[in-house]
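> I would like to see how this sequence folds:
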Amino acid sequence: MRLAFAPASNTEGKKDATGAFHPEARAWAQFVGEAEVVRFDNTRGKVAQRSAVLSAICDAKNLSHLAFFCHGWTNGIQPGITTSDLNAVAAAVELASPLVDLVVTLYCCSTGGGGIGGDGGFADEFRDALCRRGVTRCVVDAHVTPGHTTQNPHVRRFMGAGTEYGGAGGQWIVSPGSPLWPRWRAALRTTDLRFEFPTFSLEQIHARLAR
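Below is the predicted model of the structure:
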């Protein structure tokens, strides 16, 4: 099963949900198939939002891909989930999936930021929390900077290495300024690669761009 979350309502004065998060989450679900998009009520308090997300994850069956289409920061995401809550998220994932591998895609600003290579940031801590729960071959992709929910090319990958110890930081999917950078930026804007890349290895992504 593939499960995604998006805010139910626009932020006051903006069209962030209806203009970006909703259409991109729908397009992702149609592209990947066998997917459910849950809209959390972002007019409620953060505790209620976080509880609703955790409950939906716990109810998922054979979860293989978890995605968030929402606002994000270096230490958290919109539905009230911060780095301090990631052990609870990982515990919910463990209930939802018997697998040791899981794809997590944070289509959220800045969640791949942090120290060197994003170390200590939200995505890095998410990977580490999953590994501690036995999801040791997880892949967490996250935006490093503010930008469009699916078209932001500044993306780092944080991978579980098969052990409970996680890792220190991640690596660029495509390094800014590298020869593939212009193709990567264009592909995210104009093709379905924005939905495909989370399930591709870095080698597969680079080979696709090099065609």
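> which residues does the helix or strand I205 falls within contact?
Taking DSSP states H and E as the definition, I205 sits inside helix 202-210. Contacts to helix 202-210, defined as CB atoms under 8 Å, 6 or more residues apart in numbering, come from residues R157, Q171, I173, V174, L180, R183, W184, A187, L193, F197, F200. No exception for glycine: its C-beta is placed from N, CA and C like everyone else's.
> so for the helix or strand bottoming out on mean pLDDT in the chain, what gets flagged as buried?
The least trusted helix or strand in the chain, going by mean pLDDT, DSSP states H and E, turns out to be helix 86-96, with a mean of 90. Along helix 86-96, the positions that meet the burial threshold by neighbour count (16 or more other CB atoms under 10 Å) are L86, V89, A90, A91, A92, V93, E94, A96.
> all strands of this protein, in order?
2-7, 35-40, 65-69, 72-73, 76-77, 81-82, 103-107, 139-143, 155-159, 171-172 (DSSP state E).
> mind listing what's buried along stretch 42-55?
By neighbour count on 16+ other CB under 10 Å, the buried set for stretch 42-55 is N42, Q49, R50, S51, A52, V53, L54.
> can you give the contact residues for it?
Applying CB under 8 Å, 6+ apart, the contact partners of stretch 42-55 are 5, 7-9, 11, 17, 38, 40-41, 78-81, 85, 88-89, 92.
> quick check on the residues you listed: which are buried?
The neighbour-count criterion (16+ other CB under 10 Å) marks F5, P7, A17, V38, F40, Q78, P79, G80, I81, D85, V89, A92 among the contacts of stretch 42-55 as buried.
> quick one on the thing from earlier: tell me the angle the helix holding I205 makes with strand 155-159.
In terms of direction (axes from the mean of the first three to the mean of the last three CA atoms, to 10 degrees), helix 202-210 departs from strand 155-159 by 150 degrees.
> C-alpha coordinates for helix 202-210, PDB please?
What follows is the C-alpha trace of helix 202-210 in PDB, where atoms were taken according to Å, rounded to 0.1, in the frame of the first residue of the first chain:
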ATOM      1  CA  LEU A 202      20.700   7.000  -7.800                       C
ATOM      2  CA  GLU A 203      22.200   5.100 -10.700                       C
ATOM      3  CA  GLN A 204      18.900   4.700 -12.400                       C
ATOM      4  CA  ILE A 205      18.000   8.300 -12.000                       C
ATOM      5  CA  HIS A 206      21.300   9.500 -13.400                       C
ATOM      6  CA  ALA A 207      21.000   7.000 -16.300                       C
ATOM      7  CA  ARG A 208      17.500   8.300 -17.100                       C
ATOM      8  CA  LEU A 209      18.800  11.900 -17.100                       C
ATOM      9  CA  ALA A 210      21.800  11.000 -19.200                       C
END
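> may I see the buried residues of that helix?
Residues I205, H206, R208, L209 are the ones in helix 202-210 that count as buried (16+ other CB under 10 Å).
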